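[1] got a predicted model here, sequence first, then my questions.
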Amino acid sequence: MMQPDKDYFLTGRILQKIYDSEIHLSLGWMWDGGVDYTIGKDLLYLHDDEVNSTGKTDISEAVRQIADEVAKEYPDSVFAKWWADVREPDCTCLTGNGTTPADFCLKHAA
């Protein structure tokens with residue numbers, strides 16, 4: 001498990017990169033049922049069988065799972081290219097020991 005500060009920083013970066021790529025993403029949750037999401041559709045207007053669930057109650061873990069799905073659904077997007085790079089073994093964004101944003105992979109901070 002990653003350190004909390006790093007989790008929150010990376011979660012914010014992931015969501016911002018998805019937004020910057022102009023990919024429609026809806027997130028939601030109800031009580032402790034985990035994070036629900038849709039990619040390319042509005043969560044408010046869907047039937048239950050059209051909504052994906054991460055089954056995760058940890059927001060950081062859920063967002064990383066959703067990032068994988070976004071990259072699969074939009075493989076040519078700027079986001080997918082960035083996410084593939086972040087997931088490379090030599091990148092410290094997912095595995096580094098930092099506790100502040102300045103300690104993380106500078107290559108992907110922008």
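    Received, thanks. Owing to the predicted nature of the structure, the values given are computational and were not obtained by experimental measurement. Residues are numbered from 1 along each chain as shown.
[2] quick one: least confident helix or strand in this structure?
    strand 52-53 (a mean of 76; mean pLDDT, DSSP states H and E).
[3] so what does it touch, helix or strand wise?
    If you count contacts as 3 or more CB pairs under 8 Å, 6 or more residues apart in numbering; DSSP states H and E, strand 52-53 packs onto strand 35-39. From N, CA and C alone the C-beta is placed, and that goes for glycine too.
[4] can you list contacts of the strand it packs on?
    23-30, 43, 46, 50-54, 56-57, 59, 62-63, 66, 69-70, 73-74 (CB atoms under 8 Å, 6 or more residues apart in numbering).
[5] residue ranges with poor pLDDT in this protein?
    1-6, 42-50, 89-110 (pLDDT under 70).
[6] for it, what's the longest helix?
    For the chain, the helix with the greatest residue count under DSSP state H is helix 4-20.
[7] partners of the next helix or strand after that helix in the sheet?
    Counting by DSSP states H and E, the next helix or strand C-terminal to helix 4-20 is strand 25-29. With DSSP bridges as the test, strand 25-29 is paired with strand 35-39 (antiparallel).
[8] ok so, going back, what does the least confident helix or strand of the chain contact?
    33-39, 69.
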